[in-house]
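Novice: Dropping a prediction and its sequence here:
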2 protein chains.
Amino acid sequence: MSTRRLTVAAAQMGPLQKAEGRDIAIARMVALMEKAARRGAEVVVFPELALTTFFPRWYHENLAEADHWYEHALPSNETASLFDAARRLNIGFHLGYAEKTPDGRRFNTAVYVHPNGEIVLKYRKVHLPGHAEYDPVRRVQHLEKRYFEPGDLGFPVVRAPLGAAGPVNIGMMICNDRRWPEAWRVLGLQQVELVMLGYNTPSLNMENRGFEAHHLRVAHSHLSIQAGCYQNACFGVGVAKAGTEDGHELFGHSIIVNPQGEIMAQATSWDDEVIVAECDLGMCELGRNTIFNFARHRRPEHYTRITAQVGSEAPPAWTPREG
Amino acid sequence: MSTRRLTVAAAQMGPLQKAEGRDIAIARMVALMEKAARRGAEVVVFPELALTTFFPRWYHENLAEADHWYEHALPSNETASLFDAARRLNIGFHLGYAEKTPDGRRFNTAVYVHPNGEIVLKYRKVHLPGHAEYDPVRRVQHLEKRYFEPGDLGFPVVRAPLGAAGPVNIGMMICNDRRWPEAWRVLGLQQVELVMLGYNTPSLNMENRGFEAHHLRVAHSHLSIQAGCYQNACFGVGVAKAGTEDGHELFGHSIIVNPQGEIMAQATSWDDEVIVAECDLGMCELGRNTIFNFARHRRPEHYTRITAQVGSEAPPAWTPREG
């Protein structure tokens, strides 16, 4: 096997309450980054919307009243200490945050930052779950479709130097994206080797519209990440905000997954927790060159519905001949 | 929940040796069909290439010498008794077989047959694994790319009456197709409710080209089927030919999976074995109308690579600024 080895950390975060400021989040993140560095990590992945509580559970009729949840610049006075810590520790990091652009657009965003503090890659969440208007049936709101527009950057991959492994093909997705095999495949078609993904996923379904298997929610998250990694021959780092936040549980269970779909490390607390794994990037090449050699096996002429239609369509009916 | 309930059977088959004729296979299949009917099944799914040994492990330089492995008509004198048994037992069935068309084309094919004996739907395997020429490095040949051309029918779905549930949206895939999320998604975009899929998968990787996780081969099969069912809100019936065939192990572990990705039934022998599950088709509607409401959440404008390119492409390189 190859000698391209990369040590990655997932920095799960316990809850951030609504009243807690960015200063509290960032102090905890710097401590997590230091712990990851002490354990040999060359890159550390933080969750989705890591700087505040998961605010899409709170309704504001007037969007302008929600402005304080967004970052208007990155780095900023408040987030500069994360960039400083990365330089000091010589560690790359992935950060999820709410982005408000100078021209007033809002995205659920993540960046990957090089150890020198430069932003290497930005991704804006494509698959926004939830709803845009206040929903009186729900137990808790999930207003991502209100507070963000769908990402406009596609699913970019970049080859960037990262630790002793040399250049690594890095891609990102955010939370609900992980359930969509299209997202994984678009990354796989760019030879992604490391997918960083943060999430905030409630332990309970809050739609209050009939049966949902609460006890399977962690299993569904892991199933999606494991299948995505296996079928695209990549490593995945899925990192949660976890625990009881504003009175509502987020399920945690952050994992690092290899290209065989195996879980290499798993967080088992609902607190701030660092998990680390050493990734042999040669495993990606094995998958890409054998069972998932796309050039040899894929048949896009039979996949046209995937890009030609958005929703599903009813199939034609068949009826038996008269007996 | 709905009252659309369908009882499905997976009829796993033990090995068929090279010297054994179709008469032996078909007698066993009729016995399996009778057992499935006694257990209340309204449809029974047989494996890929169910009528013979998995012949792509045997090399013929001259393709014409392999003609005896193919069905030149369906039904035929030999397979008519399967169709007769379906009528007698009032049970639908899915059959995988090697097809040779009147104009000499060869496909790895499956049909779904209505209880009245009519062929409702035909599918020809799109994702052919293996290779076309004799490979001296391999421990065992896997010549599917020699003996078959890729399927030319896409991934069709049809809505056909099936038992007490009324019309059911039926689709098919074959063996290696299950590892390709594109196949599942094209079926999902046609509101598939029941995916029938047969397979013949060796317990050991026979490429003899470095590391492969033999102990994960069943896990990879299940992972792919469970993710496909979950992400497309459908039931899946994955049915193996199992056991030591011509001296080589096939891993069995046939499963029936629900739209939550749960395994409802699993074969645990390497012999002829019937497993049965009652499927509440209302579960498909739940998934289709909530988390996997494609019309609400999919973003095909960001999926263009899936149909625009076949193989993967290297990503752009990023280099840090001079320090």
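Specialist: Arrived safely, thanks for sending.
Novice: from the middle of its chain, how far away would the helix or strand of chain A with the lowest mean pLDDT be?
Specialist: Among the helical and strand segments of chain A, the one scoring lowest on mean pLDDT, DSSP states H and E is helix A:282-289, with a mean of 92. A distance of 23 Å separates the centroid of the chain from that of helix A:282-289, by Cα atoms, centre = their mean, to the nearest Å.
Novice: buried residues in the following helix or strand past that helix?
Specialist: Of the helices and strands lying after helix A:282-289 in sequence (DSSP states H and E), the nearest is helix A:294-297. Judged by neighbour count (16 or more other Cβ atoms under 10 Å in any protein chain shown), helix A:294-297 contains these buried residues: A:F294, A:H297. For glycine as for every other residue, the C-beta is placed from the backbone atoms N, C-alpha and C.
Novice: With chain B in mind, check whether helix A:294-297 reaches it.
Specialist: Yes. Where contact is defined by Cβ under 8 Å from any Cβ of the partner chain, part of helix A:294-297 touches chain B, namely A:F294, A:A295, A:R296, A:H297.
Novice: check contacts around A:D246.
Specialist: Listed by Cβ atoms under 8 Å, 6 or more residues apart in numbering or on different chains, the contact partners of A:D246 are A:P15, A:Q17, A:K18, A:T53, A:F54, A:R57, A:W58.
Novice: actually A:R179, sorry about that
Specialist: A:R179 sits in contact with A:H127, A:H220, A:S224, B:Q231, B:I291, B:F292, where contact means Cβ under 8 Å, 6+ apart.
Novice: what does the stretch 51-200 of chain A have sitting close to chain B?
Specialist: A:114, A:116, A:118, A:120-121, A:126-129, A:150-151, A:154-161, A:167, A:169, A:176, A:179-182, A:184-186, A:188-192.
Novice: Mark which of those residues are buried, thanks.
Specialist: Buried members of these, scored by 16+ other Cβ under 10 Å, are A:114, A:118, A:120-121, A:126-129, A:150-151, A:154-161, A:167, A:169, A:176, A:179-182, A:184-186, A:188-192.
Novice: and those, which of them are in helices?
Specialist: When DSSP state H is applied, those are split such that A:P181, A:E182, A:W184, A:R185, A:V186, A:G188 fall in helices.
Novice: Where does the prediction get shaky in the stretch 1-150 of chain A?
Specialist: Residues of the stretch 1-150 of chain A meeting the criterion pLDDT under 70: A:1-2.
Novice: What angle do helix A:181-188 and the least confident helix or strand of chain A make with each other?
Specialist: Counting by axes from the mean of the first three to the mean of the last three Cα atoms, to 10 degrees, helix A:282-289 lies at 100 degrees to helix A:181-188.
Novice: Any residue of helix A:282-289 touching chain B?
Specialist: Yes. Taking Cβ under 8 Å from any Cβ as the criterion, helix A:282-289 and chain B are in contact, through A:L286, A:R288.
Novice: buried set for that helix?
Specialist: Of the residues in helix A:282-289, those buried by neighbour count under the rule 16+ other Cβ under 10 Å are A:G282, A:M283, A:C284, A:E285, A:L286, A:G287, A:R288.
Novice: Flag the shaky bits of the stretch 151-300 of chain A, pLDDT-wise.
Specialist: Applying pLDDT under 70 to the stretch 151-300 of chain A flags residues A:210-211.
Novice: residue in it nearest to chain B?
Specialist: Among residues of the stretch 151-300 of chain A, the one nearest chain B by Cβ to the nearest Cβ turns out to be A:A295. It sits 2.9 Å away.
Novice: ok, that residue - contacts?
Specialist: Contacts for A:A295 (Cβ under 8 Å, 6+ apart) come out as B:V310, B:G311, B:S312.
Novice: quick one: which of those has the most company?
Specialist: Counting neighbours by other Cβ atoms under 10 Å in any protein chain shown, B:S312 comes out on top of these with 24 neighbours.
Novice: Just the element for that residue, please.
Specialist: Element membership of B:S312, judged by DSSP H and E, is empty: it is in no helix or strand.
Novice: measure it to A:S224 for me?
Specialist: Using Cβ to Cβ, to the nearest Å, we find B:S312 at a distance of 21 Å from A:S224.
Novice: Over to A:H94?
Specialist: A:H94 sits 19 Å away from A:S224, going by Cβ to Cβ.
Novice: before we move on, back to that, and the contacts of A:R179, which two are the farthest apart?
Specialist: When these are compared pair by pair using Cβ to Cβ, the two farthest from each other are A:H127 and A:H220, 14.4 Å apart.
Novice: show me where the stretch 1-150 of chain A has helices.
Specialist: According to DSSP state H, counting those that start in this stretch, the stretch 1-150 of chain A carries its helices in the segments A:22-38, A:80-89, A:144-147.
Novice: tell me which residues in the second one are buried?
Specialist: Buried residues in helix A:80-89, counted by 16+ other Cβ under 10 Å: A:S81, A:L82, A:F83, A:A85, A:A86, A:L89.
Novice: What residues does A:Y123 make contact with?
Specialist: For A:Y123, the contact set (Cβ under 8 Å, 6+ apart) comprises A:T109, A:A110, A:V111, A:G151, A:L153, A:F155, A:P156, A:G171, A:M172, A:M173, A:I174.
Novice: which residues in the stretch 1-150 of chain A form strands?
Specialist: For the stretch 1-150 of chain A, the strands defined by DSSP state E, counting those that start in this stretch occupy A:5-12, A:43-45, A:92-100, A:106-113, A:119-124.
Novice: Would you agree A:G228 is in contact with A:V237?
Specialist: No. In this structure, A:G228 sits apart from A:V237 without contact. The criterion is Cβ atoms under 8 Å, and the distance is 11.9 Å.
Novice: shared neighbours, the two?
Specialist: Common neighbours of A:G228 and A:V237, counting by Cβ under 8 Å, 6+ apart, are A:V195.
Novice: quick one: the helices in the stretch 201-323 of chain A?
Specialist: Chain-ordered helices for the stretch 201-323 of chain A, with DSSP H, counting those that start in this stretch as the definition, fall at A:217-232, A:282-289, A:294-297, A:304-308.
Novice: now the ones you listed in JSON lines, with distance to A:E249?
Specialist: Formatted as JSON lines, the helices of the stretch 201-323 of chain A follow (distance: least, Cβ to Cβ, whole Å):
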{"stretch": "helix A:217-232", "distance to A:E249": "10"}
{"stretch": "helix A:282-289", "distance to A:E249": "34"}
{"stretch": "helix A:294-297", "distance to A:E249": "39"}
{"stretch": "helix A:304-308", "distance to A:E249": "35"}
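Novice: A:G40: neighbour count?
Specialist: Here the number of neighbours of A:G40 (other Cβ under 10 Å) works out to 11.
Novice: number of nearby residues for A:M206?
Specialist: The number of residues packed near A:M206 is 18, by other Cβ under 10 Å.
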